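1. got a predicted model here, sequence first, then my questions.
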Amino acid sequence: MLYYAMTECSKKSNIGETMFASPEKSSDLEISEQVDSISRIDILCELLNAVPDFVMILNLHRQIVFGNKAIADFALSQGCKSLFGLRPGELVSCQHALNAKSGCGTGDACKTCGAVLSIIQGLSGKSAQGECRIIRTTDNGMEPLDMRVWTKPFAWNDQTFCLLILSDISNEKRRQVLERIFFHDVLNTAGNIWSISELLNDDAIKINEVKKDLKYASTQLIDEINCQRQLLAAENNELQVKITKQDSLEFLNSIYRTFRNHEMAADKNIEIDAASEDFEFLSDGTLLFRIIGNILKNSLEASKANQTVTLGCRKNENGYSFWCHNETAMPEEVKLQIFQRSYSTKGKGRGIGTYSIKLLTEKYLKGKVSFVSEPDTGTIFTVNFKK
């Protein structure tokens with residue numbers, strides 16, 4: 001039995017705009033004929049429906065002409081009347097697929113998508129395997145997905161198809177991040193505290209010589225643990241937002257005081273733009289501090305010795321914004337994936353900072369985070385909030 005709810009397929013034009021893969025799509029009639037043809041392969045449909053992962057068969061234009069029970073159930077849970085004729089990114093509501101004029105695979109960010117790259121290879125006659133990072137657009141805001149992708153060429157009735165299998169590895173990626181943080185970053189900080197306590201215990205140093213270092217290391221340890229607890233609550237829709245009155249310059253100065261002696265700020269300068277405006281605003285100060293703090297840490301990490309990172313704020317008739325500028329431009333590949341949860345230039349198990357910036361800003365504080373990064377001007381992150 002083939003699981004589907006046959007309604008009208010996509011009626012987008014066969015010719016469209018693209019930044020990467022072909023925008024062309026099959027007609028409704030072609031999709032219907034392909035769906036009917038594959039549904040006749042009873043043994044194949046029965047086997048694929050027994051697979052718990054998402055399994056799809058795509059036609060030459062990367063459109064779904066078969067979906068197993070797992071993906072059909074998912075589509076129904078999302079209120080999708082028909083999955084046929086859609087591309088995978090459109091079905092799962094990938095933000096890049098929804099924003100691209102010609103759909104999944106045609107946006108600028110699709111150049112780095114592991115699913116699109118594997119599908120193209122599968123349709124060219126070669127099996128492929130990769131990973132795909134997706135940020136879904138849902139009624140509850142952004143939702144991250146990390147998927148492992150397998151594709152295999154599939155021929156039927158003299159037509160070319162691609163078998164696509166998607167397996168959710170979000171928990172695996174989340175575990176890698178936590179292992180990295182708690183087995184490396186937190187352990188290093190705890191090790192610093194232990195080293196100081198050992199020196200004090202041996203009377204090798206006096207408390208006045210290290211009390212500032214001890215307080216800083218302890219604060220850093222607690223902050224890292226709280227950051228992860230806060231992020232987990234945010235992802236589980238359990239984070240409580242507490243709106244209070246804030247002062248813009250006082251807020252920026254608190255960021256400056258906190259990070260001026262941070263290890264990432266060594267040999268670098270932090271400044272508050274003299275043109276920053278002083279105004280009152282309403283926000284959750286703890287969440288906003290986490291957002292701007294993560295932007296600042298990201299900017300410091302990207303900067304070279306003796307370079308300056310500048311913080312600023314401004315008010316306008318529609319709301320207010322905070323921004324952070326550093327002198328280094330990001331490579332194109334980084335720009336295309338900067339807000340993905342598991343993407344990082346720093347190695348396996350990293351890549352949570354910029355993702356948390358977008359999650360906390362857009363899902364919880366109802367703002368908008370953006371960036372511009374060019375070789376001549378460096379990189380500037382801006383967080384905008386409406387009144």
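-> Here it is on my side, so go on. Numbers count the residues shown, from 1 in each chain.
2. all helices of this protein, in order?
-> 28-39, 42-49, 69-77, 88-91, 95-99, 114-123, 170-180, 186-201, 207-235, 248-259, 285-302, 332-337, 353-358 (DSSP state H).
3. wait, Ala302 touches Ala329, no?
-> No: judged on CB atoms under 8 Å, Ala302 makes no contact with Ala329 at a distance of 9.0 Å. Using the backbone N, CA and C atoms, a C-beta is placed for each residue, glycine as well.
4. who's more crowded, these two?
-> Just comparing Ala302 and Ala329: by other CB atoms under 10 Å the higher neighbour count belongs to Ala302, 20 against 17.
5. now the more buried one: how far from Phe385?
-> Per CB to CB, to the nearest Å, Ala302 is found 24 Å from Phe385.
6. likewise Ala305?
-> Counting by CB to CB, the gap from Ala305 to Phe385 is 34 Å.
7. of the two, give the one with the bigger neighbour count.
-> Phe385 (18 against 7).
8. you'd agree the more buried one is up against Phe281?
-> Yes: in terms of CB under 8 Å, Phe385 counts as a neighbour of Phe281; the distance is 7.3 Å.
9. buried residues in stretch 98-107?
-> Ala100, Ser102, Gly103, Cys104, Gly105, Thr106, Gly107 (16 or more other CB atoms under 10 Å).
10. circling back: could you tell me which residues touch both of Ala302 and Ala329?
-> Thr379 (CB atoms under 8 Å, 6 or more residues apart in numbering).
11. what's the longest strand anywhere in the chain packed up against?
-> Taking DSSP state E as the criterion, the chain has its longest strand at strand 141-156. Contacting strand 141-156 under the criterion 3 or more CB pairs under 8 Å, 6 or more residues apart in numbering; DSSP states H and E are the following elements: helix 114-123, strand 128-138, strand 159-168, helix 170-180.
12. what pairs with that strand, parallel or antiparallel?
-> According to DSSP bridges, strand 141-156 has the following sheet partners: strand 128-138 (antiparallel), strand 159-168 (antiparallel).
13. and the angle for the first one with helix 170-180?
-> Counting by axes from the mean of the first three to the mean of the last three CA atoms, to 10 degrees, strand 128-138 lies at 90 degrees to helix 170-180.
14. how about strand 128-138: buried residues?
-> Residues of strand 128-138 classed as buried: Ala128, Gly130, Glu131, Cys132, Arg133, Ile134, Ile135, Arg136, Thr137 (neighbour count, 16+ other CB under 10 Å).
15. closest one of these to Val334?
-> When these are ranked by distance to Val334 (CB to CB), Arg133 comes first, at 13.1 Å.
16. looking at the chain, which helix or strand is least sure?
-> helix 170-180 (a mean of 79; mean pLDDT, DSSP states H and E).
17. return the distance of stretch 302-321 from the chain's centre.
-> The chain centre lies 22 Å from the centre of stretch 302-321; the measure is CA atoms, centre = their mean, to the nearest Å.
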